[in-house]
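Colleague: have a look at this prediction, sequence included:
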Amino acid sequence: MLACVPAPMKSPQVLVIGGGIAGLCAAISARRAGARVLLIESAPRWRRGGNSRHGRNFRFFHDQPSALVAGSYPADEFAADLTRATDGNGDAALACVLINRSRAAPRWLLEAGVALQARARGQLPFSRKTAFLLGGGQAMVNALYARAERLGVDIRYECAASKPRLQGNRLTGIDLRSPCQPGVPGEMAGETPGETLAPGAVVLACGGAQGNADWLRQHCGERAEGFINRGTPEARGELLIDLLAKGAQAVGDPRRLYLVAVDARSPVDDGGIVTRIRGMPLGLVVDGDGRRRHDEGADQGSTRYALWGQRLADYPGQIGYLLLDAEGLKAAPAALYPPLSAPDLPRLARLLGMDADALETTWLTYNAAMRAFPASHSPPLDPPRTQPARPLATSPFAAYPMRPGLTFTYHGLAVDTQARVRLASGEPIINLFAAGTLMAPNLCPQGYLSGLMLTIGLVFGCLAGEEAARHVRN
Ligand SMILES: Cc1cc2nc3c(=O)[nH]c(=O)nc-3n(C[C@H](O)[C@H](O)[C@H](O)COP(=O)(O)OP(=O)(O)OC[C@H]3O[C@@H](n4cnc5c(N)ncnc54)[C@H](O)[C@@H]3O)c2cc1C
């Protein structure tokens with residue numbers, strides 16, 4: 001057993017809590033503005049980078065096509081997209097900041113050493129509104145850590161912040177704790193006695209609460225036990241919960257979650273993007289009792305897996321099955337796990353632990369409706385099927401078990417246009433800033449646009465870092 005040796009005492013001017021895109025952008029920006037910066041990341045080095053490791057594209061406004069994107073994406077179109085996606089419930093002043101500053105996002109990333117995907121390479125889906133990270137979020141995170149280190153940002157892994165102290169409109173202290181033995185979980189190895197810091201400014205960039213099972217159960221009830229966390233288990237929301245209890249202003253709704261359909265065999269945390277299931281329009285979706293509950297053809301757009309995530313959350317046991325025949329399977333998007341398959345329906349039902357008669361009844365009714373499908377009429381199905389599909393007739397038959405996969409939470413801290421955390425009175429806490437998922441519900445309290453969250457992380461990370469550095473300078 002190693003002795004408990006506390007990490008050397010630091011005297012940072014700016015403490016950045018969390019090492020995903022928001023924290024890294026904040027640390028780099030504060031350091032470039034001349035501040036002494038300590039970035040702490042609760043994960044060990046090998047798992048650094050939070051949910052940002054899983055991202056792949058970001059949204060930005062641009063007036064003309066470039067090596068990264070085809071066509072233009074004017075600021076007012078970005079604003080209109082955001083308003084539509086959120087039903088106009090986001091903060092308009094913050095949306096202006098986001099959109100105006102998003103223009104510089106590609107250049108900022110390239111200058112920080114992040115590689116972006118040239119669209120001419122044609123390896124990723126066409127997008128006029130978003131650019132893709134070459135090597136995905138993991139490559140981006142690695143490049144940003146390297147840049148932060150080179151700039152002289154002090155980085156501590158396996159170091160978590162807790163117990164922020166507020167006095168009036170000022171943060172006066174915060175505790176840091178680390179395990180005695182790096183790499184061994186705190187509860188097994190014990191923790192260092194801990195230290196209290198009182199930096200000039202603090203940037204909170206520690207994500208949401210999606211990895212906190214108790215918090216999810218408290219707000220979403222028992223059904224939360226059927227959810228799978230697609231992102232980091234480090235997102236426990238400790239500081240969010242604590243600050244709200246101490247008088248910070250909340251935004252969003254803790255019961256609202258961004259869920260997508262994922263393979264039910266995915267790991268409980270960190271499955272990432274590859275666990276998504278997307279072939280619903282090609283087949284038949286049933287619950288665990290073999291019953292259809294939704295129209296598989298209604299949503300053909302690229303966000304259909306997100307709509308299915310919400311639906312699966314309301315299925316009994318939060319489990320559903322996408323059923324395909326051999327032809328549907330050939331057309332279905334690639335999936336991480338092989339489908340469960342059987343030469344006939346009774347054997348497939350057995351494999352799924354489902355009542356074979358119930359499944360057969362659903363299957364026969366569905367196929368009869370698809371065979372009778374006239375071009376201009378909905379088939380006589382309840383629920384209906386609004387788009388034509390082939391009957392599922394070719395053996396072998398296959399199933400993907402699906403659960404709701406949690407991507408992020410819509411509950412956070414209210415901030416002003418300088419990224420300062422607000423008190424319930426509306427007054428800002430002058431030396432406490434927030435960026436990324438933790439404040440994203442100010443802009444996006446519901447709905448979603450592809451590539452929005454990385455942009456929020458980058459834009460408000462940079463802003464919070466600059467403002468924190470300005471605060472300690474003055
Ligand atoms: C599978 C998946 C795919 C996604 N794809 C995209 C995409 O393509 N485009 C897009 O825009 N968005 C995408 N998102 C969302 C996006 O990745 C995140 O919203 C964004 O990266 C969040 O950045 P962040 O810096 O706020 O948080 P994170 O990247 O989660 O970083 C927070 C960090 O804080 C650390 N931390 C937590 N608590 C503490 C504490 N108390 N003390 C110290 N450190 C702490 C965590 O370890 C973590 O590293 C995806 C998300 C997932 C899960």
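Modeller: In hand now; what should we look at? Numbers count the residues shown, from 1 in each chain.

Colleague: for the residue of the stretch 1-150 of the chain found nearest the ligand, give me its contacts.
Modeller: Per CB to the nearest ligand atom, G20 is where the stretch 1-150 of the chain lies closest to the ligand, at 2.0 Å. C-beta coordinates here come from the backbone N, C-alpha and C atoms, glycine included. Contacts for G20 (CB atoms under 8 Å, 6 or more residues apart in numbering) come out as 49-53, 141, 205, 207, 436-437, 457.

Colleague: filter these to the buried ones?
Modeller: Buried members of these, counted by 16 or more other CB atoms under 10 Å: 49-53, 141, 205, 207, 436-437, 457.

Colleague: in strands, which of those fall?
Modeller: Of those, none are assigned to strands by DSSP state E.

Colleague: which ones, among these, also lie beside the ligand?
Modeller: 49-52, 205, 207, 436-437, 457 (CB under 6 Å from any ligand atom).

Colleague: from I319, how far out is M140?
Modeller: In this view, M140 and I319 are 34 Å apart by CB to CB, to the nearest Å.

Colleague: these two: which has the busier surroundings?
Modeller: M140 (29 against 16; other CB atoms under 10 Å).

Colleague: how about the helix or strand containing A369 as CSV, C-alpha atoms only?
Modeller: Using DSSP states H and E, A369 falls within helix 356-371. In CSV, the C-alpha atoms belonging to helix 356-371 read as follows (Å, rounded to 0.1, in the frame of the first residue of the first chain):
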residue,chain,number,x,y,z
ALA,A,356,-44.5,-16.9,-29.5
ASP,A,357,-48.3,-16.6,-30.1
ALA,A,358,-48.4,-12.9,-29.3
LEU,A,359,-45.4,-12.2,-31.5
GLU,A,360,-46.9,-14.3,-34.3
THR,A,361,-50.2,-12.4,-34.1
THR,A,362,-48.4,-9.1,-34.4
TRP,A,363,-46.2,-10.3,-37.2
LEU,A,364,-49.1,-11.7,-39.3
THR,A,365,-51.2,-8.6,-38.8
TYR,A,366,-48.3,-6.4,-39.8
ASN,A,367,-47.4,-8.5,-42.9
ALA,A,368,-51.0,-8.7,-44.0
ALA,A,369,-51.3,-4.9,-43.8
MET,A,370,-48.0,-4.4,-45.7
ARG,A,371,-49.1,-6.8,-48.4
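
Colleague: packing partners of it?
Modeller: Under the contact criterion of 3 or more CB pairs under 8 Å, 6 or more residues apart in numbering; DSSP states H and E, helix 356-371 touches strand 284-287, helix 345-352.

Colleague: buried deepest among the ones you listed, which one?
Modeller: For the helices and strands packed on helix 356-371, the largest average neighbour count (mean count of other CB atoms under 10 Å) is found in strand 284-287, namely a mean of 24.

Colleague: alpha carbons of that strand, in CSV - could you do that?
Modeller: What follows is strand 284-287, C-alpha atoms only, in CSV (Å, rounded to 0.1, in the frame of the first residue of the first chain):
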residue,chain,number,x,y,z
LEU,A,284,-41.3,-3.9,-37.1
VAL,A,285,-40.8,-2.7,-33.5
VAL,A,286,-42.4,-4.5,-30.6
ASP,A,287,-42.3,-4.3,-26.8
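
Colleague: name the residues that touch that strand?
Modeller: So strand 284-287 is contacted by 292-294, 296, 308, 315-316, 319-324, 354, 359, 362-363, 366, 392, 402 (CB under 8 Å, 6+ apart).

Colleague: from the chain's centre, how far out does it sit?
Modeller: A distance of 26 Å separates the centroid of the chain from that of strand 284-287, by CA atoms, centre = their mean, to the nearest Å.

Colleague: if you average pLDDT over it, what comes out?
Modeller: On average, the pLDDT along strand 284-287 is 97.

Colleague: low-confidence ranges, this protein, go.
Modeller: 1-10, 122-125, 180-193, 302-305, 373-379 (pLDDT under 70).

Colleague: which strand runs longest in it?
Modeller: In the chain, with assignment by DSSP E, the single longest strand is strand 397-413.

Colleague: and that one, which strands flank it?
Modeller: Note on strand 397-413: by DSSP bridges, its sheet partners are strand 228-229 (parallel), strand 250-263 (antiparallel), strand 320-324 (antiparallel), strand 340-342 (antiparallel).

Colleague: right, so of the ones you listed, which gets closest to F78?
Modeller: Of all those, strand 250-263 sits nearest to F78, with 19.4 Å by CB to CB.

Colleague: residues of the closest one that come out buried?
Modeller: Buried-residue list, strand 250-263, by 16+ other CB under 10 Å: 250-252, 254, 256-263.

Colleague: cool, stretch 121-137 as well?
Modeller: By neighbour count on 16+ other CB under 10 Å, the buried set for stretch 121-137 is 124, 127, 129-137.

Colleague: what's the span of stretch 281-295 from first residue to last?
Modeller: Taking CA to CA, to the nearest Å, the first and last residues of stretch 281-295 lie 9 Å apart.

Colleague: for burial, what's the neighbour tally of the residue nearest to G353 when sequence neighbours are not counted?
Modeller: Of all residues not flanking G353 in the chain, G288 sits nearest, at 7.9 Å (CB to CB, 6 or more residues apart in numbering). Neighbours of G288 under the rule other CB under 10 Å: 18.

Colleague: and G288, how far from A424?
Modeller: In terms of CB to CB, G288 sits 43 Å off from A424.

Colleague: same check, this time on R84
Modeller: From R84 to A424 the distance is 30 Å (CB to CB).

Colleague: got the residues of the stretch 101-250 of the chain near the ligand?
Modeller: 160-161, 205-207, 230-232, 234-235, 238-239.

Colleague: buried subset of those, written for PyMOL?
Modeller: In PyMOL, this line selects whichever of these come out buried by 16+ other CB under 10 Å:
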select buried, resi 160+161+205+206+207+230+231+232+234+235+238+239
